[in-house]
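Participant: Predicted model follows, preceded by the sequence.
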Amino acid sequence: MSQQMASMNPAAQASPFQPGQDPDKLYQSEAENLAVMEHFCVLDGIEDRFLHNIVSKEGF
């Protein structure tokens with residue numbers, strides 16, 4: 001069990017005498033991942049969907 005947990009966290013296996021990961025590189029890669037992400041919101045197009053439902057219920 002402890003071996004599985006250690007394999008999930010590569011930082012736990014690093015020797016204390018070796019340099020760790022550069023925080024600037026970590027933040028830069030995370031910023032790139034967020035920039036590539038597509039924005040999605042449930043409320044996109046809500047006006048059109050709402051008006052379509054109102055019109056279809058009234059029978060216009």
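Facilitator: Structure received.
Participant: What strand or helix carries Arg49?
Facilitator: For Arg49, the host element (DSSP states H and E) is helix 46-58.
Participant: Need the mean per-residue confidence for that helix.
Facilitator: In this model, helix 46-58 has a mean pLDDT of 92.
Participant: okay, that helix in CSV with CA atoms only?
Facilitator: These are the backbone C-alpha positions of helix 46-58, laid out as CSV (Å, rounded to 0.1, in the frame of the first residue of the first chain):
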residue,chain,number,x,y,z
ILE,A,46,-29.8,31.0,-21.9
GLU,A,47,-31.7,34.0,-23.4
ASP,A,48,-32.4,32.1,-26.7
ARG,A,49,-33.4,28.9,-24.8
PHE,A,50,-35.7,30.8,-22.5
LEU,A,51,-37.4,32.7,-25.3
HIS,A,52,-37.7,29.5,-27.3
ASN,A,53,-39.5,27.8,-24.4
ILE,A,54,-41.9,30.8,-23.9
VAL,A,55,-42.8,30.9,-27.6
SER,A,56,-43.3,27.2,-27.8
LYS,A,57,-45.6,27.2,-24.7
GLU,A,58,-47.7,30.0,-26.0
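Participant: Remind me what it packs against, helices and strands.
Facilitator: Here helix 46-58 touches no other helix or strand, going by 3 or more CB pairs under 8 Å, 6 or more residues apart in numbering; DSSP states H and E. Heads up, the C-betas are built off the backbone N, CA and C, glycines and all.
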